[in-house]
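Q: what follows is a predicted protein model with its sequence.
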Amino acid sequence: MKQSIPETITLLFQHMGISSPSVSIETDTLGTVYGVETSDSRLFLGNNGEALIALNHIVKRIVEKPKEGEFSVDVNNYQKNRNDELRAKARVYAERAKAFQSDVEMDSMSSYERMVVHAALMDDPNIKTESKGTGRERKVVVKYVQNDG
């Protein structure tokens with residue numbers, strides 16, 4: 001019998017020696033987020049959240065294609081806080097692009113982080129975003145677009 005995503009996360013954490021993580025379910029603009037609360041988060045949050053990215057990859061491989069659609073796993077709101085920071089930074093870059101009426105390049109970031117930035121700015125009629133570069137050097141360019149009306 002196939003287990004639910006929260007059950008899978010709980011079992012995975014227990015196999016890692018982390019007992020009784022609390023798993024909550026929320027929905028945001030990027031899909032369903034399974035929030036895990038644990039006192040032992042240091043395993044997942046080191047090195048700019050790379051371990052959290054790996055955890056997401058493992059859970060998605062175990063679950064395969066859920067009928068619920070796109071989802072992610074967050075530990076102690078690390079990813080939520082990071083997404084909020086990225087959205088705020090994207091808005092600052094958009095305001096800069098408007099003020100100078102020119103393109104502004106953001107720092108290199110992961111594909112997930114680029115997706116957060118693109119989604120944050122997609123409703124601004126004077127801003128267009130596109131990704132530029134390859135591999136680890138791929139970044140978002142925030143472009144000013146003249147809107148005549």
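A: In hand now; what should we look at?

Q: so residue 78 sits against residue 45, correct?
A: Yes - with contacts counted by CB atoms under 8 Å, residue 78 reaches residue 45, the gap being 5.2 Å. Bear in mind the C-beta positions are built from the backbone N, C-alpha and C, glycine included.

Q: what's the closest non-adjacent residue to residue 24?
A: Excluding the flanking residues, the one nearest residue 24 by CB to CB, 6 or more residues apart in numbering is residue 35, at 4.4 Å.

Q: using CSV, write out every CA atom in the one helix or strand the one you found maps to.
A: For residue 35, the host element (DSSP states H and E) is strand 31-37. The C-alpha trace of strand 31-37 is given here as CSV (Å, rounded to 0.1, in the frame of the first residue of the first chain):
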residue,chain,number,x,y,z
GLY,A,31,2.0,24.3,-5.0
THR,A,32,1.5,22.3,-1.8
VAL,A,33,4.1,22.7,1.0
TYR,A,34,4.6,20.0,3.6
GLY,A,35,6.0,21.9,6.5
VAL,A,36,8.1,19.9,8.9
GLU,A,37,8.7,21.2,12.5
